[in-house]
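J.: the following comprises the amino acid sequence and a computationally predicted model.
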Amino acid sequence: MAECAATAGARGALLVELLRAGLERVDGRRCVRAALAAEPPGRFAAAAIGKAALAMTLGAQEALGGSLERLLRHWRDSAEDEQPDLKALYMAGLTLQRMAGGGLNDQLAGGFYRYCTDDRWLIPHFEKMLYDNAWLLAVYAEAYVATGDVFYANAADHTAGWLQAQMQSAEGGYYSSLDADAAGQEGAYYVWDREEVGSLLTAEENAAFSLRYGLDAPANFEGTWHLHAARSVEDVAQQL
């Protein structure tokens with residue numbers, strides 16, 4: 001474990017080293033606190049943030065998307081420069097796309113689950129939290145403003161619709177969360193089997209639905225299917 005040697009002016013370098021080394025959370029927080037105490041409050045230098053963003057992309061991070069909020073903010077800070085950090089925008093966009101299209105997002109009803117339990121972002125812990133979705137609603141809206149890509153607008157709209165339909169009480173307030181369990185089993189409310197889907201759709205609809213949401217592949221959650229966007233709508237249209 002790397003020693004925490006935080007000195008004045010070294011906050012950016014320390015962040016890079018923490019990300020690169022993958023320090024445990026407790027030790028990482030201790031080092032960051034020491035670094036912050038070593039100099040007056042202020043913003044990271046642009047170069048330090050750029051190095052931190054680069055460090056986040058090391059290893060396999062680029063395949064699944066990097067750290068979201070920091071990358072999006074860094075791109076925004078660099079947007080008017082002669083050479084804006086398009087890499088940061090790409091990484092933030094990739095992360096948002098993977099989140100919205102993967103198992104982290106309820107593909108039918110809307111709303112993001114709390115977190116995923118696998119490195120492909122397919123199987124979540126099925127609890128849904130109000131604060132997670134409130135934050136993600138804002139981030140997807142910001143991504144739409146930044147890029148003009150309607151994908152992010154649709155994701156924001158889908159999330160907002162779920163918040164209003166499922167989380168808003170009749171009195172106007174909002175519930176804090178939805179439990180992961182149904183009938184004593186985690187995820188039971190959200191997973192499907194092929195027979196159930198086939199009974200609800202026509203043969204033509206079922207063929208398209210199965211290709212789109214991965215029901216043509218082996219079961220991915222305890223003998224059932226948790227839906228994810230396995231193929232784009234364009235790819236499904238080409239295969240039918």
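T.: Everything's here; your move. These numbers come from a predicted model, not from an experiment.
J.: from here on, just use CA atoms for contacts and neighbour counts.
T.: Noted.
J.: what's the first helix or strand after the helix ranked longest in the chain?
T.: When the chain is parsed with DSSP state H, its longest helix is helix 130-147. Sequence order places helix 150-162 as the next helix or strand after helix 130-147, per DSSP states H and E.
J.: so which elements touch that next one?
T.: Here helix 150-162 touches helix 130-147, going by 3 or more Cα pairs under 8 Å, 6 or more residues apart in numbering; DSSP states H and E.
J.: any residues touching the helix it packs on, and which ones?
T.: Contact partners of helix 130-147, identified using Cα atoms under 8 Å, 6 or more residues apart in numbering, comprise 93, 96, 111-112, 114, 149-153, 155-156, 159-160, 163, 167, 174-177.
J.: could you redo the last one with a cut-off of 10 Å?
T.: Contact with helix 130-147 is made by 68-69, 72, 75-76, 79, 89, 92-93, 96-97, 100, 110-115, 148-160, 162-163, 167-168, 174-178, as judged by Cα atoms under 10 Å, 6 or more residues apart in numbering.
J.: the helices in this structure, which residues?
T.: Under the criterion DSSP H, the chain contains helices at 11-21, 25-37, 46-56, 61-64, 68-78, 86-101, 130-147, 150-162, 194-200, 203-213, 233-239.
J.: distance check, the residue most central in space within the chain against residue 224.
T.: Compute the mean C-alpha point of the chain, and by Cα atoms, centre = their mean the closest residue is residue 99, 3.8 Å away. From residue 99 over to residue 224 the distance is 21 Å, taken as Cα to Cα, to the nearest Å.
J.: touching, residue 188 and residue 181? I think so.
T.: Yes - counting by Cα atoms under 10 Å, residue 181 is a contact partner of residue 188 at 6.7 Å.
J.: give me the low-pLDDT residue ranges for this protein?
T.: Along the chain, segments meeting pLDDT under 70 span 1-67.
J.: about what we covered before: now do the contacts for the closest residue to the residue nearest to the centre of the chain other than its chain neighbours.
T.: Using Cα to Cα, 6 or more residues apart in numbering and skipping residues adjacent in sequence, the residue nearest residue 99 is residue 105, 6.5 Å away. For residue 105, the contact set (Cα under 10 Å, 6+ apart) comprises 98-99, 111-116, 121-124, 126, 128, 155, 159, 227-229.
J.: list the ones among these that fall in strands.
T.: Those of the contacts of residue 105 mapping onto strands are 113-116, 124, 126, 128, per DSSP state E.
J.: roughly how far is stretch 186-198 from the heart of the chain?
T.: Taking the mean of its C-alpha atoms, stretch 186-198 sits 23 Å from the chain's own mean (Cα atoms, centre = their mean, to the nearest Å).
J.: what's in contact with it?
T.: Stretch 186-198 has contacts (Cα under 10 Å, 6+ apart) with 106-109, 123-127, 179-183, 205-207, 209-210, 215-216, 219-227.
J.: buried among those? Need that as a selection in PyMOL.
T.: To isolate in PyMOL the members of the contacts of stretch 186-198 that are buried, counting by 16 or more other Cα atoms under 10 Å, one can use:
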select buried, resi 106+107+123+124+125+126+127+180+206+207+209+210+215+224+225+226+227
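J.: roughly how far does residue 217 sit from residue 193?
T.: Distance, residue 217 to residue 193, using Cα to Cα: 12 Å.
J.: shared neighbours of those two, anything?
T.: Listed as contacting both residue 217 and residue 193 by Cα under 10 Å, 6+ apart are residue 225.
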